[in-house]
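K.L.:
Build me a model:
(one chain, ligands or ions: 1)
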Amino acid sequence: MTFAQILGHERQKEVLRRALKQDRLAHAYLFSGPEGVGKRLMALALARAVFCLEGTGCGSCVACRKVDHMNHPDLHLVEPDGASIKIDQVRHLQKDLSLRPSEAKRKVCVIDEIDKIGIAAGNALLKTLEEPSGEALFILLTPRPEAVLQTIRSRCQPLAFARLARELMFETLKRQLELDETKAHILTALSDGSFKKALGRDRELFLEKRIELLKSLTALSPRSIIPLFDFAETLSGKESDRATQQEILEIFQAFYRDLLLFRHGRSEEELINIDLMEKIRRVAGRESIPSLLTKIEALENARRQIARNANSQLVMETLLLRLAS
Ligand SMILES: [Zn+2]
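P.N.:
Residues are numbered from 1 along each chain as shown. Here you go, the predicted structure:
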């Protein structure tokens with residue numbers, strides 16, 4: 001992956017290209033921005049440009065190919081081990097960094113989800129960031145820069161990545177996935193500027209499964225509690241992890257947002273679920289604007305509770321009771 005092959009983020013590419021050219025790369029970068037917008041791809045493109053035998057990130061020399069296959073001996077990638085980055089991982093990294101680079105002039109160390117480093121491991125890493133052993137380049141990645149330890153943040157040059165522009169995503173999804181306009185529109189809107197979401201397992205959830213989910217949701221009635229509790233159980237069941245639950249709630253929220261926009265007489269292009277217009281018309285007919293606002297608020301609330309690790313079955317039951325009323 002070269003800089004040119006990464007979609008969007010032109011300003012960020014320019015910053016890095018210029019620093020490379022002038023040989024003024026920072027010792028450590030903090031790439032922040034929503035998940036799936038290409039931070040890791042950009043870090044790897046930078047590693048490639050640093051290691052490249054042609055000095056360009058050509059893509060065809062031995063060094064470039066090793067980066068692409070993730071087997072360059074001077075490239076170190078650290079990711080959370082389970083819920084956090086552990087102190088053992090930092091010690092292991094420090095040991096690697098104490099050795100001289102074996103093929104390149106310097107080592108490159110990419111640490112993903114740096115916000116998930118604990119205090120002890122963070123302090124250990126800080127030592128390495130403060131006293132660079134050898135010429136290592138650190139690229140730290142995070143979707144939540146405000147959650148990164150301040151001591152670590154202050155050692156890094158920040159580079160923020162924005163969500164990808166809708167137009168760019170829409171055109172790319174249409175071309176890459178050979179989707180029709182309707183599906184590309186829905187996937188673009190629901191994946192919210194994140195290619196990782198649009199191209200990953202969420203694609204099926206956002207396109208096909210969404211229709212089933214909304215069908216079950218809109219069939220619920222406060223008078224028949226059993227189907228409602230069954231649906232809550234399905235949504236919070238074993239196969240559905242917290243990330244999936246959040247995405248299902250996003251789908252519900254997008255639907256209620258559509259209903260609200262429809263009630264306000266906005267045009268179809270502003271809606272997300274444009275393949276479900278008949279359902280939107282029907283359900284919007286039995287809701288009022290205040291009732292829709294209350295339901296959207298209930299959804300917000302449910303998302304916050306799921307994020308806080310509340311009992312998901314209970315959260316879903318309470319939510320569905322509100323949505324069905
Ligand atoms: Zn190369």
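K.L.:
Return the distance of the helix or strand containing residue 314 from the chain's centre.
P.N.:
Following DSSP states H and E, one finds residue 314 within helix 312-324. Relative to its parent chain, helix 312-324 has a centroid offset of 26 Å by Cα atoms, centre = their mean, to the nearest Å.
K.L.:
hang on, residue 138 is in a helix, isn't it?
P.N.:
No - counting by DSSP: H, G, I helix; E, B strand; the rest coil, residue 138 falls outside a helix, being strand.
K.L.:
What residues does it make contact with?
P.N.:
Residue 138 makes contact with 27-29, 109, 111, 129, 156, according to Cβ atoms under 8 Å, 6 or more residues apart in numbering. Quick note: C-beta positions are derived from backbone N, CA and C, even for glycine.
K.L.:
one step back: only the buried residues of the helix holding residue 314, if you could.
P.N.:
312, 315-324 (16 or more other Cβ atoms under 10 Å).
K.L.:
So which elements touch that helix?
P.N.:
helix 225-236, helix 242-263, helix 289-307 (3 or more Cβ pairs under 8 Å, 6 or more residues apart in numbering; DSSP states H and E).
K.L.:
where do the strands sit along the stretch 101-250 of the chain?
P.N.:
Applying DSSP state E, counting those that start in this stretch to the stretch 101-250 of the chain gives strands spanning 108-111, 137-142, 157-160.
K.L.:
Out of those strands, the one nearest the ion is which?
P.N.:
Ranking the strands of the stretch 101-250 of the chain by distance to the ion, with Cβ to the ion as the measure, places strand 108-111 first at 14.0 Å.
K.L.:
and that closest one, which strands flank it?
P.N.:
strand 75-78 (parallel), strand 137-142 (parallel) (DSSP bridges).
K.L.:
quick one: low-confidence ranges for the stretch 151-300 of the chain?
P.N.:
In the predicted model, the stretch 151-300 of the chain carries pLDDT under 70 at residues 238-239.
K.L.:
Kindly apply the preceding question to the stretch 1-150 of the chain instead.
P.N.:
Along the stretch 1-150 of the chain, segments meeting pLDDT under 70 span 1, 132-134.
K.L.:
What parts of it come near the ion?
P.N.:
Within the stretch 1-150 of the chain, the positions near the ion by Cβ under 5 Å from the ion are 52, 54, 58, 61, 64.
K.L.:
out of these, which is most surrounded?
P.N.:
For these, the largest number of neighbours (other Cβ atoms under 10 Å) sits with residue 64, at 23 neighbours.
K.L.:
helix or strand for the residue nearest to residue 139 when sequence neighbours are not counted, which one?
P.N.:
With Cβ to Cβ, 6 or more residues apart in numbering as the criterion, residue 139 has its nearest non-adjacent residue at 4.3 Å, and that residue is residue 43. Using DSSP H and E, the element containing residue 43 is helix 39-51.
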